[in-house]
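Visitor: please work out how this folds:
(2 chains)
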Protein chains: 2
Amino acid sequence: MAAPSVAEAAASWLAVVRPLEARQLPAAEALGCVLAADAIAPHDLPPFPRAMMDGYAIRLPDAGRTLPLAGSVHAGDAPGSLPLGSVLGIMTGAPVPTGAEAVVQRELCVVSGSTVQLPERIRPQANIVPRGGEALAGATVLRAGEPVTAMAVAVAASLGIERLSVVPRPRVVVITTGAELRQGGSIDGGAIRDSNGPMVAAMCAALGMPCRRLSVVDDPVAIRAAIVGAEGELIVLTGGVSAGDKDFVPAVLAELGYTSVVRGVDQKPGKPLLLAAGAGRLVAALPGNPLAVHWCFTRFVAPALRVLMGQAPGPETVRGVLAGILPGSRDRPWFVPVGLRREGGRLMVKPMPPVSSGDVVTPAHAAGYVAVAAGSAPIASGAEVEVILCVG
Amino acid sequence: MAAPSVAEAAASWLAVVRPLEARQLPAAEALGCVLAADAIAPHDLPPFPRAMMDGYAIRLPDAGRTLPLAGSVHAGDAPGSLPLGSVLGIMTGAPVPTGAEAVVQRELCVVSGSTVQLPERIRPQANIVPRGGEALAGATVLRAGEPVTAMAVAVAASLGIERLSVVPRPRVVVITTGAELRQGGSIDGGAIRDSNGPMVAAMCAALGMPCRRLSVVDDPVAIRAAIVGAEGELIVLTGGVSAGDKDFVPAVLAELGYTSVVRGVDQKPGKPLLLAAGAGRLVAALPGNPLAVHWCFTRFVAPALRVLMGQAPGPETVRGVLAGILPGSRDRPWFVPVGLRREGGRLMVKPMPPVSSGDVVTPAHAAGYVAVAAGSAPIASGAEVEVILCVG
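Guide: Next comes the predicted model:
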């Protein structure tokens, strides 16, 4: 059976991904999440009529008169009342005193000693936000389905709404497998340092996702224990997914009752990609080569994380102009890392083909990928191409 | 003197902002920062010739022969040697044994008991990444001026480079001023809850910037102490910057030796904006109304933070199509919050004009701003407009 295309595999995979159950989170933590319920104003906002300018609180019939200044009201003062036949100084944000019908800007008045001459024409309620003018008690102030923006955080704060009901961020657990992996430090013999763990953690950080990391040897018992013990909604495994005699991941997943959703994709890098679901969790088992991990995270893992958060899956794309030859591909669709650079009004796309299948040194500063169809000849500099943007 | 335009004010302000001094940061923390120095490979990568496929390590003259299988090499095994007249099984990532001249894919061989029949034609070095094939010791693997991507984190990890020299993130200190402000909880009298502090903190979080918050009353001694004690490269003050009789911020900044760079901008909201520099620090003193804080952060603070990080200032813009009437503006250029929605291939821009100058409820889910020129008539639905994107 032919391996599915990237688009087919992504469609099958995302078809089994559902947004997480809503949770009440502190508003600051909810930033960037999608609201699962409307937020309702528990009281009027502003809670009192508020001055929008520095000036004088006045009665309308006093327009044109010169009146004594009876004092000043500042932001934070308790609401008072305006004595008849006088004006009160008032500062921006202060509660407008009872009886006042407008706030007149300081610049429009003539102040002399302790008297204030008012202008002839004053608009009713000028420079006053009425009580509840921004939101009445009971009104919907934040809407389900919309994202929690910084302004939404401000709205919640101003109304004393401490928690918001949102689709939370999934917890990601990254399990790198391989007896050859060392966590930093020196290496010798056939050992290498684990680079997939730090890279996947960085991609999660770039998406704002919490992520826990562990590394296990190629041993079915160890891999099984790591999967069973992982506290998260999505598990990223790297390595152990191919057809080598220590590639235990597929068998362990099957034994644990996970359903294989995608097993092999017509792509380079990352052909042996395995995507599975079970026990309310998703597993993305990525081939161990670092470039395959990066591509598969960009194209399959990040979209699943977005859907778990109730967002559109992406990946985001932009169009740009090739600044260099894009090599052709023989047998499989090839996803070539590219750098992006703005030049004048144009987005220039520089191909950064790896020197080996797992090379991340050459494309270390890549910002995206360009798809090269199987059997395609090299594409010349100057052609317009679509770029799939990287995650971090 | 007429207040400068937004573009003029931004240019004056950014002219005094310099990228921060480089620091050595752990690679994971450096994610998203600009490299201040090249990173050099301390050893060859891979550190040994590495098998790119599961298969057999062979000598070229043995092509076409049937040879005994002398064992297997796995990833993590110490490099060995290939006995004459035999083949060794080898797994992806394993060190290629001395004497081997190619790795032949398992699928191209005929295995029978403990013998392996090799294909007739074998390319020299097939499926082998030579030692140093991705990077030779001493080579530049990450380049100054480029951002630390997730792949760059992987490169650093694979070479044991624990710290990277980068332009660090500035530390932001947010000081909200006003006797009327309460930090959550219940309110009465003329008190309001502080919404600017949580909003600015959220915008910093959306930019990945560390941020500390404090709130002080309108008192020159308290404001002065807060500024002097602030541990950060950029201080955001809110409130106290207008011409009211408790607006002490300008005087305190002058007294502390800060140079005023911008004092008043021809814009709505946020006309009294004050931007200052001194003592190696930047101060953005924003008018206290929440929408002004949001706009001024988007247009003046976030660009300064990006320049401090060695990045292009922004703000980012996109073009879209008005889905609703954009109101005209009388006296000043007006920056109107807008929502964004993708519809078919088009980006629809929905005006969300606030009901009062500080209203953040109406635009709570805004994703950007559209500039309306002073004196302009309303703009009809369907017009193409430029949108300045929000930060968070």
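
Visitor: let's verify the spatially most central residue of chain A: helix, strand, or coil?
Guide: Nearest to the mean C-alpha position of chain A, by Cα atoms, centre = their mean, lies residue A:32 at 4.9 Å. The assignment at residue A:32 comes out as coil when based on DSSP: H, G, I helix; E, B strand; the rest coil.

Visitor: excluding chain neighbours, what is closest to it?
Guide: residue A:208 (5.9 Å; Cβ to Cβ, 6 or more residues apart in numbering or on different chains). All C-beta atoms are positioned from the backbone trio N, CA, C, and that covers glycine.

Visitor: ok, residue A:16 - how many residues close by?
Guide: 16 (other Cβ atoms under 10 Å in any protein chain shown).

Visitor: any idea how far it is from chain B?
Guide: As for residue A:16, its distance to chain B is 25 Å (criterion: Cβ to the nearest Cβ, to the nearest Å).

Visitor: quick one: secondary structure of the residue nearest to residue A:32?
Guide: For residue A:208, the assignment made with three-state DSSP gives coil.

Visitor: which pLDDT value goes with it?
Guide: Reported pLDDT at residue A:208 in the predicted model: 93.

Visitor: ok, residue A:331 next?
Guide: In the prediction, the pLDDT value recorded for residue A:331 is 89.

Visitor: now it: closest residue in space, sequence neighbours ignored.
Guide: Beyond its immediate neighbours in the sequence, the residue positioned closest to residue A:331 (Cβ to Cβ, 6+ apart) is residue A:374, lying 6.1 Å away.

Visitor: and the one you found, backbone torsions?
Guide: The main-chain torsion angles of residue A:374 are listed as degrees, to the nearest 10 and equal phi -60, psi 140.

Visitor: likewise residue A:166?
Guide: Comment: the main-chain dihedrals of residue A:166 come out as phi -140, psi 160, following degrees, to the nearest 10.

Visitor: how close does it get to residue A:24?
Guide: Look at residue A:166 and residue A:24: by Cβ to Cβ, to the nearest Å, they are 8 Å apart.

Visitor: one more: residue A:197?
Guide: As for residue A:197, its distance to residue A:24 is 32 Å (criterion: Cβ to Cβ).

Visitor: ok, residue A:101 next?
Guide: In this structure, residue A:101 and residue A:24 are separated by 43 Å, where distance is defined by Cβ to Cβ.

Visitor: residue A:123: how many residues sit nearby?
Guide: Residue neighbour count, defined by other Cβ under 10 Å, stands at 11 for residue A:123.

Visitor: skipping adjacent residues, who's closest to it in space?
Guide: Ranked by Cβ to Cβ, 6+ apart and with sequence neighbours excluded, the top spatial neighbour of residue A:123 is residue A:102, at 6.6 Å.

Visitor: partners of that neighbour in the sheet?
Guide: Under the criterion DSSP bridges, residue A:102 forms beta bridges with residue A:58.

Visitor: need the pLDDT of it.
Guide: The predicted local confidence for residue A:102 comes out at a pLDDT of 98.

Visitor: ok so, going back, between residue A:197 and residue A:24, who's got more neighbours?
Guide: Neighbour count, other Cβ under 10 Å: between residue A:197 and residue A:24, residue A:197 has more, with 23 against 13.

Visitor: tell me the gap between the helix or strand encompassing the more buried one and the middle of its chain.
Guide: Using DSSP states H and E, residue A:197 maps to helix A:196-206. Mean C-alpha position of helix A:196-206 versus that of the full chain (Cα atoms, centre = their mean, to the nearest Å) differs by 15 Å.

Visitor: report the buried residues of that helix.
Guide: Taking 16 or more other Cβ atoms under 10 Å in any protein chain shown as the neighbour-count basis, helix A:196-206 is seen to contain the buried residues A:196, A:197, A:198, A:199, A:200, A:201, A:202, A:203, A:204, A:205, A:206.

Visitor: surely the first one touches residue B:158?
Guide: To tie it back to what came earlier, the one meant is residue A:196. No. Applying Cβ atoms under 8 Å, one finds residue A:196 not in contact with residue B:158, separated by 9.3 Å.

Visitor: quick one: common contacting residues for these two?
Guide: Taking Cβ atoms under 8 Å, 6 or more residues apart in numbering or on different chains as the contact rule, residue A:196 and residue B:158 both touch residue A:290.

Visitor: check contacts around the residue of the stretch 101-250 of chain A found nearest chain B.
Guide: Minimum separation of the stretch 101-250 of chain A from chain B (Cβ to the nearest Cβ) falls at residue A:180, amounting to 3.2 Å. Taking Cβ under 8 Å, 6+ apart as the definition of contact, the neighbours of residue A:180 are A:190, A:191, A:192, B:74, B:75, B:76, B:77, B:93, B:94.

Visitor: from those residues, pick the one nearest residue B:223.
Guide: residue A:192 (55.4 Å; Cβ to Cβ).

Visitor: quick one: the closest one and residue B:93 touch, right?
Guide: Yes. Counting by Cβ under 8 Å, residue A:192 touches residue B:93, with 7.5 Å between them.
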